[in-house]
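> Dropping the sequence and predicted coords here.
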Protein chains: 4
Amino acid sequence: MSSDIPPRRPGRPRSEQADEAILRAARELILEFGVQSFSMDMLALRAGVSKPTIYRRWGTKEELLTDAIGYASEQTVIPDTGDALLDLRQLLEQMLGSLEERFGGKIASAHKMIAGIIDSQQSLQQYEENFIRPRRKAYREIIQRGKRSGQIREDADEETLIDLVSGSYFYCLLFKPQEMTSGQWLQQVWRLLEDGIGKLRT
Amino acid sequence: MSSDIPPRRPGRPRSEQADEAILRAARELILEFGVQSFSMDMLALRAGVSKPTIYRRWGTKEELLTDAIGYASEQTVIPDTGDALLDLRQLLEQMLGSLEERFGGKIASAHKMIAGIIDSQQSLQQYEENFIRPRRKAYREIIQRGKRSGQIREDADEETLIDLVSGSYFYCLLFKPQEMTSGQWLQQVWRLLEDGIGKLRT
Amino acid sequence: MSSDIPPRRPGRPRSEQADEAILRAARELILEFGVQSFSMDMLALRAGVSKPTIYRRWGTKEELLTDAIGYASEQTVIPDTGDALLDLRQLLEQMLGSLEERFGGKIASAHKMIAGIIDSQQSLQQYEENFIRPRRKAYREIIQRGKRSGQIREDADEETLIDLVSGSYFYCLLFKPQEMTSGQWLQQVWRLLEDGIGKLRT
Amino acid sequence: MSSDIPPRRPGRPRSEQADEAILRAARELILEFGVQSFSMDMLALRAGVSKPTIYRRWGTKEELLTDAIGYASEQTVIPDTGDALLDLRQLLEQMLGSLEERFGGKIASAHKMIAGIIDSQQSLQQYEENFIRPRRKAYREIIQRGKRSGQIREDADEETLIDLVSGSYFYCLLFKPQEMTSGQWLQQVWRLLEDGIGKLRT
DNA sequence: GATTAATCGAGACGGTACGTCGCGTCTTTCG
DNA sequence: CGAAAGACGCGACGTACCGTCTCGATTAATC
């Protein structure tokens, strides 16, 4: 019931059609020509929009790309099947699927984007807020459910666990992308994490 | 008498000072401004060298960056203290040290380096061959010793374990660099990996 | 009861404050930045008025400039001291004074004004009608009085004489403004004109 | 024999073809579309030259226009017929002819250019140096010859005389361009100047 | 010792993209 | 209806970068 969302600035409101047209065109161009060949002039042409209209919304090509490829408006659906492992798998598949959808199946070319994001402290921070943080929140919830259901030890450190899973996710995305899609990756990671590496285990 | 010395082309030989000056300047610029803002004109200026002199040596900005960042000549020393955890820690410290040495001690700007590596497919591949692969070999050896000494379960999958450790290493380097130096990070990762997350454990 | 008041269109009447604010701001901006750098956006900002409010009154930047610079309401007082030279001097001082009054006393920036006038064909024409023409009429009267009083030869061509005086007036205003204020300028012009340049004269 | 002209800066020298192509294209475009519609992009296209190549030579559209229309490289040929009046006429015809040639006969559109020049103090100064000053030098020489030949009084002030002629030249160019071409203008100016306006003359 | 061939610095060049500004119009909401 | 606010299409501006090129000046190895 808290309706403090629409302060309604004076003046002509920004066209939502423009927003959509720009983002749609941006994604098309990225898929067609790649991130490196992506140009704002071409984008304006394709979106049927003037350059100032783009720059009113995004201050920089970089910011636009981050939004277009990313992850900003991506709504995270936290799966809840009752099985923590299954939930985790579905969450990761969601992320992979999103990547594939955006990049037209060529996950291998994701690294260009990632590099662009990492390079600027600002982009990195924005990425952290818009993508990383909600994912970690989702992870955390799944882990907590896993603890309650007994699949995960009560005293396992959640943050460290998330670091391990997310980290290896990105790492494998970069260095062995072809193994990511098969689903084997998560299987093995989970098994190792579940059992632990300690000898006493058996 | 097969002389390894190249056929010695006629004409003025290339200045070796130029090579060094270019690479040094390139590394400085990457650290100062990031890969995305890196420009060949600025490089020429900083290195006190003309652009053709650069392009005579590297055909492309990308090739140059690959070499400048490149870990081609990096040698890996595999620690052997008898304690797998300690070995692992030392190996990771070696990696951090290499970063620091190469780029002047500021781990906080590690993301610029990583971005530089990721940015070019070529660079990424070379990095994989010259840096990642030997490190993984070192990891593998440490893990195997750990298995023999009883610190690590025999049936823990080595590659997956390496993925987890290396992955979270880079991940944390990017998103929580301040926690990396303290050493806490490895401690917690190790503990979680050792115990596993499975409930049955206790 | 035929009321001269206009039909009183329905709706909110136009703000007269706006008219004044716009014209005043326009003159300020012309003096500060020159005609070429004059922009409608800056004008709206400076006048505290929205752009449509300006365009409701003037259809075009050019029309507005014409009005802002415009000497529409200028009234000419023809001096009559009995001495044609003195009259002429007073008329010229009147013109200088008008410039000063309208644009804040800085004759040095007269060239900005003149540029403004010349810039638009429309403005130039209006200036010609409202300012130049009455001044020429005044000149003509003074000259004719000069002829009657014997200061000026009967057969000197009036229009050519006016061209010479007015022309060099503007010319010197542009290229040697500092000599204008001293009064020397008119003195020398008059002397030369009086004596003529022909050798036979002496 | 003083050959201190060619300091020969290092680096690739600027292409003289480019200089010519740019100026030629600029004049074409001005004649075809007018000064207002003149654009640097179109110029680059027409001249077969890149924009930076233009901006290396002229810092601003304004400067380029000043050079293209003007007057910079205009070599002043000082006529010498033995008759000062004739010389003067020829000099002025030279100036008018140059205008006509550059503007394709439409002298009336010269005022746009002049306004542009006048507006910026810098342009005005450049114009003064490159166009005004050499013309005044030419005037001065003609006047001095006229004095020697007896056509002009010895004690007539040269600068004032030049002010009068040049001033009325520009004035008539602006306010009665159609009367300029006929040649009547100079005739009348000269007669008035020769005889003077003083009554004692007869 | 002269010639030759590759190098060097400096910097101009074509092409292409960037991000900004200006004009005149359009679209809101508030008086 | 007018006004303030501001977004919009169009198009130009001046700058940065890349990789190539053209100069004159070095600098060895070869003749």
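Noted; the coordinates are in hand. This one's a predicted model, so the numbers in the text were calculated from it and none came from an experiment.

> what about A:Ser37, which SS state?
When classified by DSSP: H, G, I helix; E, B strand; the rest coil, A:Ser37 comes out as coil.

> So which residues on chain A come close to chain D?
On the criterion C-beta under 8 Å from any C-beta of the partner chain, chain D has no neighbours in chain A. To be clear about C-beta, it is placed using only N, CA and C from the backbone, and glycine gets the same treatment.

> and the longest helix for chain A?
Longest helix of chain A, by residue count under DSSP state H: helix A:84-103.

> ok, now which ones touch A:Val77?
A:Gln94 (C-beta atoms under 8 Å, 6 or more residues apart in numbering or on different chains).

> Need the pLDDT of it.
The model reports A:Val77 with a pLDDT of 83.

> Could you check how far it is from D:Arg14?
Here A:Val77 is placed at a distance of 62 Å from D:Arg14 (C-beta to C-beta, to the nearest Å).

> Just give me the neighbour total for the residue lying closest to A:Leu173 once chain neighbours are set aside.
Nearest non-adjacent residue to A:Leu173, counting by C-beta to C-beta, 6 or more residues apart in numbering or on different chains: A:Met180, 5.9 Å away. A:Met180 has 19 neighbours, counted by other C-beta atoms under 10 Å in any protein chain shown.

> And A:Glu16, by the same measure?
8.

> which regions of chain A lie under the pLDDT threshold?
Applying pLDDT under 70 to chain A flags residues A:1-8, A:70-75, A:101-113, A:181-182, A:197-202.

> same thing but at 80, please
A:1-10, A:31, A:34-36, A:69-76, A:96-127, A:130, A:177-183, A:196-202 (pLDDT under 80).

> Distance-wise, check the residue of it at minimum distance from chain C relative to D:Thr66.
Per C-beta to the nearest C-beta, A:Gly11 is where chain A lies closest to chain C, at 9.2 Å. According to C-beta to C-beta, A:Gly11 and D:Thr66 sit 40 Å apart.

> ok, now A:Arg12?
From A:Arg12 across to D:Thr66, the span is 40 Å (C-beta to C-beta).

> what secondary structure does whatever residue of chain A ends up closest to DNA strand F sit in?
Per C-beta to the nearest atom of the strand, A:Gly11 is where chain A lies closest to DNA strand F, at 2.3 Å. What three-state DSSP gives for A:Gly11 is coil.

> measure it to C:Ala47 for me?
18 Å.

> Helix or strand: which one has A:Cys172?
helix A:158-175 (DSSP states H and E).

> returning to that earlier point: settle this for me: the residue nearest to A:Leu173 is touching A:Leu174, isn't it.
No - here A:Met180 does not reach A:Leu174: they are 9.9 Å apart, not a contact under C-beta atoms under 8 Å.

> Name the nearest residue to A:Leu23, sequence neighbours excluded.
With C-beta to C-beta, 6+ apart, the residue lying closest to A:Leu23 is A:Ala68, at 5.5 Å.

> angle of the helix or strand harbouring that neighbour against helix A:84-103?
Using DSSP H and E, the element containing A:Ala68 is helix A:61-69. Per axes from the mean of the first three to the mean of the last three C-alpha atoms, to 10 degrees, the angle that helix A:61-69 makes with helix A:84-103 is 120 degrees.

> Helix A:61-69 vs DNA strand E: in contact?
Yes - counting by C-beta under 7 Å from any atom of the strand, DNA strand E has neighbours in helix A:61-69: A:Lys61, A:Glu62.

> Output that helix as CSV - backbone C-alpha positions only.
The C-alpha coordinates for helix A:61-69 follow below in CSV (Å, rounded to 0.1, in the frame of the first residue of the first chain):
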residue,chain,number,x,y,z
LYS,A,61,28.2,3.3,-24.0
GLU,A,62,29.6,1.2,-21.2
GLU,A,63,26.6,1.7,-19.0
LEU,A,64,24.2,0.9,-21.8
LEU,A,65,26.0,-2.3,-22.6
THR,A,66,26.0,-3.3,-19.0
ASP,A,67,22.3,-2.9,-18.9
ALA,A,68,21.6,-4.3,-22.3
ILE,A,69,23.5,-7.5,-21.7
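
> which helices and strands does that helix pack with?
For helix A:61-69, the elements it packs on are helix A:16-33, helix A:40-47, helix A:110-119, helix A:121-127, judged by 3 or more C-beta pairs under 8 Å, 6 or more residues apart in numbering or on different chains; DSSP states H and E.

> right, and these - which one's nearest B:Arg27?
For the helices and strands packed on helix A:61-69, proximity to B:Arg27 was assessed by C-beta to C-beta; helix A:110-119 is nearest, at 15.3 Å.

> Using the record's assignment, carve chain A into domains.
According to automatic domain parsing, chain A comprises the domains A:16-60, A:84-195.

> Output these as a markdown table; include the columns distance to B:Trp185.
Output for those, formatted as a markdown table (distance: least, C-beta to C-beta, whole Å):
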| stretch | distance to B:Trp185 |
| --- | --- |
| domain A:16-60 | 32 |
| domain A:84-195 | 8 |
